[in-house]
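Trainee: Take this sequence and fold it.
(chains A and B, ligands or ions: 2)
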Amino acid sequence: MMKILVTVKEVATVEDEFEIEGTSIADQYLGSDLNEWDDYAVEEAVQLQEAGLADEVVTVTIGPEDCEQTIRQALAKGADRAIRVWDDALEDVDVLDVGAKTDILGAVVEAEDPDLVLTGVQSGDDSWGATGVALAEDLGFEWAAVVNHLEHDLEDGVASVRRELEGGVEELTDVGLPAVLTIQTGINEPRYASLRGIRQAQRKPLDVQGLDDLGVDAAAVEGAVTLTDMYEPESESDVTVWEGGAEDAAGQLAELLREKGVAP
Amino acid sequence: MSDVLAITDHRRGELRDVSYEIITAGRDLADETGGDLHLAVISGTVDEFAEKLDREGVDAIHTVDYGEEFNHGVYTQTITQLYDELAPQYVLAPNSVNGLDYAPAVANELDLPIVTDAVGLETDGDTLGVTREMFGGKVETATELEGDAVVTIRSAEWPAAEGTGDATIEAFDVEIDEDALGSTVTGFEEVGGGDVDISEADVLVSVGRGIEEEDNIPIIEELADALDATISSSRPIVDNGWLPKNRQVGQSGKVVTPDVYIAIGISGAVQHVAGMKGSDTIVAINTDPNAPIMDIADYAIHDDLFDVIPALTEEFQ
Ligand SMILES: Cc1cc2nc3c(=O)[nH]c(=O)nc-3n(C[C@H](O)[C@H](O)[C@H](O)COP(=O)(O)OP(=O)(O)OC[C@H]3O[C@@H](n4cnc5c(N)ncnc54)[C@H](O)[C@@H]3O)c2cc1C
Ligand SMILES: Nc1ncnc2c1ncn2[C@@H]1O[C@H](COP(=O)(O)O)[C@@H](O)[C@H]1O
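Mentor: Ligands and ions are numbered 1, 2, ... in the order given. Sure, this is the predicted structure:
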């Protein structure tokens, strides 16, 4: 039986209209959500457990107390227990870069000793798209990036996966376990948590650990990358905005389509 | 002087476009301090690839004739050995699906920082400045790091290098530890075929997550019927199973270039835009005036699709 660890990030979401203060978006325009890709990773792990291939699904999140709501979402969908890593040393870090995440998550994997680690392909907010593969290399695990199908047999310690390449081409790959797979959206249909699941999630263990507990050096998480500026991108096109309400705008678009001779 | 080692990308016997773009990105970066540009071409018909890659601005091409197709272990081992041998300051890789399958491993193995999906690069020899996006393209950021680094570059951001170069082409003597190659590619499959080819359509009515529910898809179908147009979509619509895979526009779907592309409730993430930015005329219908799709749209309606689409359909009935 396998043990599966799923990395789960709470991502920041931005409202339509927002303001930038220094190198970040002003707090009042920010919301939070379970990272879309991690939602699929949690679902895949829970399905492996339901298929009788795994006996435990553990989530790990690097984040402050605020993200426990998001962690409970993953527990409500079927994960058995959660680990949250936070530390005063992380409060002041302005970019948690791939190296820092790898050090922290690596320490958790070493302590938990899972057979399979599932991460998302990328985090929806800062989109490094790199943490899963860096983590695998760090641990000496095998890996596969951008997995959109995982064969649920895992015989002889091999995971048969499909990697989704560009342009509708999929690569079929066999990966030896233990491994880290970075999970792509569409691999499954993430469930909505049931009311029962939500109630149970409140009672599931959520263990909080600091860098000392994990034996991670505070200097290691400072990261090598600094953020020096944030701004709205310049438009590449000269966009004509049709105003005057939905009906008027629809009329203008209809006219354009007729002018171009592409509509009846 | 900061030398640059750039890794090229190929698949099933063909060099991919980003291989020529990474030459431009690498040359520009190396030029800032008068450094050299080295290219690596790993696996496949490397001699033939090297000849094609010998474009203006390339100083040296290192070929590694090992295996046919991409294997991340072979790439990781080769690049780390090349780094030890050539001591470049920057390793550039494409931000492709395969790039993301080895670049983070190379960075970790070499104990270097990694910055991904760069759209701009500059250096003074000590500090590397990287421009990249956050929040699905809603903002752009400037980041900095000191010393050596691994950087992946976004495709179609730099122009393809042209002309013929006079690079030295040399086989690199790599030592591959086969026991450490824990993954094997067993084949490829094309997906998303079927009866409709959205890349042939003159007008695409393209629907995104703004549609909210499967039950709302018919309002898009009615518009497509009225316009005699074809329906396409962004990825989440296909992920949810609301439309078949052959309707997906973007990096992992189809590239389309219709006369008119109407993006309805689509934010314009880079992987979507990669599939439709070549459209003649782009119309965006989105409640969010700051959605990244607005940066490439020719015409825009900042309004609710549930008001705009029925009104538009009515115009043609
Ligand atoms: C490796 C990889 C490959 C990918 N390949 C692809 C690909 O091939 N194709 C692709 O599309 N994506 C791809 N993606 C996903 C991509 O990153 C985005 O997640 C996706 O394109 C978002 O789709 P969307 O714009 O429909 O949804 P969202 O980003 O959620 O945008 C929905 C939009 O609808 C607007 N909206 C909401 N309500 C309304 C309303 N009532 N009226 C009008 N507007 C409204 C919102 O303002 C928002 O802008 C890929 C990602 C990765 C990591
Ligand atoms: N703070 C975090 N806590 C837990 N997991 C994370 C965190 N950041 C990234 N990850 C995992 O790494 C994946 C890739 O993220 P990234 O490399 O940041 O784009 C995400 O989908 C998560 O599964």
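
Trainee: Tell me what the residue of the stretch 1-150 of chain A found nearest ligand 2 is bridged to.
Mentor: In the stretch 1-150 of chain A, the residue found nearest to ligand 2 is residue A:120; the distance is 2.3 Å by CB to the nearest ligand atom. Backbone N, C-alpha and C define where each C-beta goes, glycine included. Per DSSP bridges, the residues bridged to residue A:120 are residue A:183.

Trainee: hang on, isn't it packed against residue A:42?
Mentor: No. Using CB atoms under 8 Å, residue A:120 makes no contact with residue A:42, being 9.5 Å away.

Trainee: Show me which of the two is the more surrounded one.
Mentor: residue A:42 (30 against 27; other CB atoms under 10 Å in any protein chain shown).

Trainee: which stretch of helix or strand covers that one?
Mentor: If you go by DSSP states H and E, residue A:42 is part of helix A:36-50.

Trainee: and that helix, anywhere near ligand 1?
Mentor: No. No part of helix A:36-50 sits near ligand 1 under the criterion CB under 6 Å from any ligand atom; the closest distance found is 6.9 Å.

Trainee: Let me see the mean pLDDT of that helix.
Mentor: Across helix A:36-50, the average pLDDT comes to 98.

Trainee: So what touches it?
Mentor: Outside helix A:36-50, the residues within contact range by CB atoms under 8 Å, 6 or more residues apart in numbering or on different chains are A:2, A:4, A:6-9, A:11, A:54-57, A:59, A:74, A:77-79, A:116, A:118-124, A:150, A:152, A:182-191.

Trainee: following it, which helix or strand shows up next?
Mentor: strand A:54-62.

Trainee: quick one: that following strand to helix A:36-50, angle?
Mentor: Angle, strand A:54-62 to helix A:36-50, by axes from the mean of the first three to the mean of the last three CA atoms, to 10 degrees: 160 degrees.

Trainee: And the contacts of strand A:54-62?
Mentor: Against strand A:54-62 from outside (CB under 8 Å, 6+ apart): A:1-10, A:42, A:45-46, A:48-49, A:67, A:70-71, A:74-75, A:78-86, A:90, A:96, A:101, A:104-105, A:108, A:112, A:114, A:116.

Trainee: Is it possible to mark the buried ones in the residues you listed?
Mentor: Buried by 16 or more other CB atoms under 10 Å in any protein chain shown: A:2-10, A:42, A:45-46, A:48-49, A:67, A:70-71, A:74-75, A:78-80, A:82-86, A:90, A:96, A:101, A:104-105, A:108, A:114, A:116, out of those.

Trainee: So which of those belong to strands?
Mentor: With strands taken from DSSP state E, the overlap with those comprises A:2-7, A:10, A:82-85, A:116.

Trainee: Tabulate those (TSV), appending distance to ligand 2 and pLDDT.
Mentor: What follows is those, written out as TSV (distance: CB to the nearest ligand atom, whole Å; pLDDT from 0 to 100):
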residue	distance to ligand 2	pLDDT
A:2	18	94
A:3	17	97
A:4	13	98
A:5	10	98
A:6	7	99
A:7	4	98
A:10	8	98
A:82	11	98
A:83	10	98
A:84	9	98
A:85	8	98
A:116	13	98
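
Trainee: which of these sit farthest apart?
Mentor: The most widely separated members of these are A:2 and A:10, with 25.8 Å between them, by CB to CB.

Trainee: ok, stretch B:101-110 near ligand 2 or not?
Mentor: No. Stretch B:101-110 is not in contact with ligand 2 by CB under 6 Å from any ligand atom; minimum separation 7.8 Å.

Trainee: mean confidence score for that stretch?
Mentor: 98.

Trainee: go on, stretch B:211-227?
Mentor: Stretch B:211-227 comes out at a mean pLDDT of 98.

Trainee: mind listing what's buried in the strand or helix carrying residue B:75?
Mentor: Assigned by DSSP H and E, residue B:75 belongs to helix B:72-86. For helix B:72-86, the neighbour count (16+ other CB under 10 Å) marks B:72-83, B:86 as buried.

Trainee: before we move on, what about stretch A:157-176?
Mentor: In stretch A:157-176, counting by 16+ other CB under 10 Å, buried: A:158-175.

Trainee: just how off-centre is it within its chain?
Mentor: 19 Å (CA atoms, centre = their mean, to the nearest Å).

Trainee: pull the CA atoms of that stretch into PDB?
Mentor: What follows is stretch A:157-176, C-alpha atoms only, in PDB (Å, rounded to 0.1, in the frame of the first residue of the first chain):
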ATOM      1  CA  GLY A 157       6.600   0.200  -8.500                       C
ATOM      2  CA  VAL A 158       6.100   1.800 -11.900                       C
ATOM      3  CA  ALA A 159       3.700   4.600 -12.600                       C
ATOM      4  CA  SER A 160       2.600   4.700 -16.300                       C
ATOM      5  CA  VAL A 161       1.700   8.300 -17.100                       C
ATOM      6  CA  ARG A 162       0.800  10.500 -20.000                       C
ATOM      7  CA  ARG A 163       2.600  13.900 -20.200                       C
ATOM      8  CA  GLU A 164       0.700  16.500 -22.100                       C
ATOM      9  CA  LEU A 165       3.000  18.200 -24.600                       C
ATOM     10  CA  GLU A 166       2.100  21.100 -26.900                       C
ATOM     11  CA  GLY A 167      -0.300  20.900 -29.800                       C
ATOM     12  CA  GLY A 168      -2.400  17.900 -28.700                       C
ATOM     13  CA  VAL A 169       0.500  15.400 -28.500                       C
ATOM     14  CA  GLU A 170       0.800  13.200 -25.400                       C
ATOM     15  CA  GLU A 171       3.900  11.400 -24.300                       C
ATOM     16  CA  LEU A 172       3.500   8.000 -22.700                       C
ATOM     17  CA  THR A 173       6.100   7.500 -20.000                       C
ATOM     18  CA  ASP A 174       6.900   4.900 -17.300                       C
ATOM     19  CA  VAL A 175       8.200   6.400 -14.100                       C
ATOM     20  CA  GLY A 176       9.800   4.400 -11.300                       C
END
